[in-house]
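Trainee: The amino acid sequence is not available; the structure is as follows:
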């Protein structure tokens, strides 16, 4: 079995959602030395890096991620190659429902979109005009009884939008944002898992997203 990491590294100087005031700090409480050992502290927002949004993020009254059964976070995933729809940081890119043409969603729990946008990670372009889901595409996904959807972009929606989040939340889906490394897996079905931290009544959590392939 081969495991493939689909997550970005979380580090203090990484870019975050524009306007996010929560600082990201990884600091050493103690170092290796005579009679001591390394111990670290962590301070960050729940939406940092590769992370999962639960329905509670946009829909009041939904359970926190700590209350969602863990089987919601794993299952077969279809990786769709959406890179052909463009990766131009100077122009808005809206992913269309035609991307689902010819794909059978009844056999998978997740749909993951490879847009190639992760190539902008760590640059000023990452938060400019990233590809997002059209309302029609989001509705089709919400109607497909999926566990979740994921992209290698900052959000399912454009900067000021929430339509795709709203539709997926109403369908009880989780969504993964800031995935990376989906390119080699495009147009295949993989086994997928992204486990959030069991944080009390939170709407989101960083995850270590992985695909595993049988030898």
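Mentor: Looks like it arrived, so ask away. Worth saying up front: this structure is predicted, and the values here are computed from it rather than measured.
Trainee: Name the residues of the helix or strand harbouring residue 140 that are buried.
Mentor: Using DSSP states H and E, residue 140 maps to helix 135-142. Buried residues in helix 135-142, counted by 16 or more other Cβ atoms under 10 Å: 137, 138, 139, 140, 141, 142. (Glycine included, C-beta is placed from N, CA and C.)
Trainee: Let me have those residues in JSON lines, adding pLDDT as columns.
Mentor: Listed next are those as JSON lines, based on pLDDT from 0 to 100:
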{"residue": "137", "pLDDT": "98"}
{"residue": "138", "pLDDT": "98"}
{"residue": "139", "pLDDT": "98"}
{"residue": "140", "pLDDT": "98"}
{"residue": "141", "pLDDT": "98"}
{"residue": "142", "pLDDT": "97"}
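Trainee: Tell me the one of the residues you listed nearest residue 214?
Mentor: Nearest to residue 214 out of the buried residues of helix 135-142 is residue 141 (Cβ to Cβ; 26.4 Å).
Trainee: how about the residue lying closest to that closest one once chain neighbours are set aside, secondary structure?
Mentor: In space, residue 141 comes closest to residue 149 once its chain neighbours are excluded; the distance is 5.3 Å by Cβ to Cβ, 6 or more residues apart in numbering. Taking DSSP: H, G, I helix; E, B strand; the rest coil as the rule, one finds residue 149 in the strand state.
Trainee: Residue 149: neighbour count?
Mentor: Using other Cβ atoms under 10 Å, residue 149 has 26 other residues around it.
Trainee: so it sits right up against residue 176, yeah?
Mentor: Yes: between residue 149 and residue 176 there is a contact at 7.4 Å, judged by Cβ atoms under 8 Å.
Trainee: Give me the common contacts of the two.
Mentor: Common contacts of residue 149 and residue 176 (Cβ atoms under 8 Å, 6 or more residues apart in numbering): residue 112.
Trainee: Which stretches in this structure count as strands?
Mentor: Assigned strands in the chain, in chain order: 2-5, 25-30, 39-43, 51-53, 74-81, 93-95, 110-114, 131-133, 148-151, 174-177, 188-196, 204-213 (criterion: DSSP state E).
Trainee: ok, now which ones touch residue 69?
Mentor: Neighbours of residue 69 in contact, by Cβ under 8 Å, 6+ apart: none.
Trainee: Phi, psi for it please.
Mentor: phi -60, psi 140 (degrees, to the nearest 10).
Trainee: Which residues are in contact with residue 71?
Mentor: If you count contacts by Cβ under 8 Å, 6+ apart, residue 71 has none.
Trainee: Do you know the pLDDT at it?
Mentor: Note on residue 71: pLDDT of 97.
Trainee: do the same with residue 87
Mentor: Looking at residue 87, its pLDDT is 53.
Trainee: The one 4 residues further on too?
Mentor: Per-residue confidence (pLDDT) for residue 91: 70.
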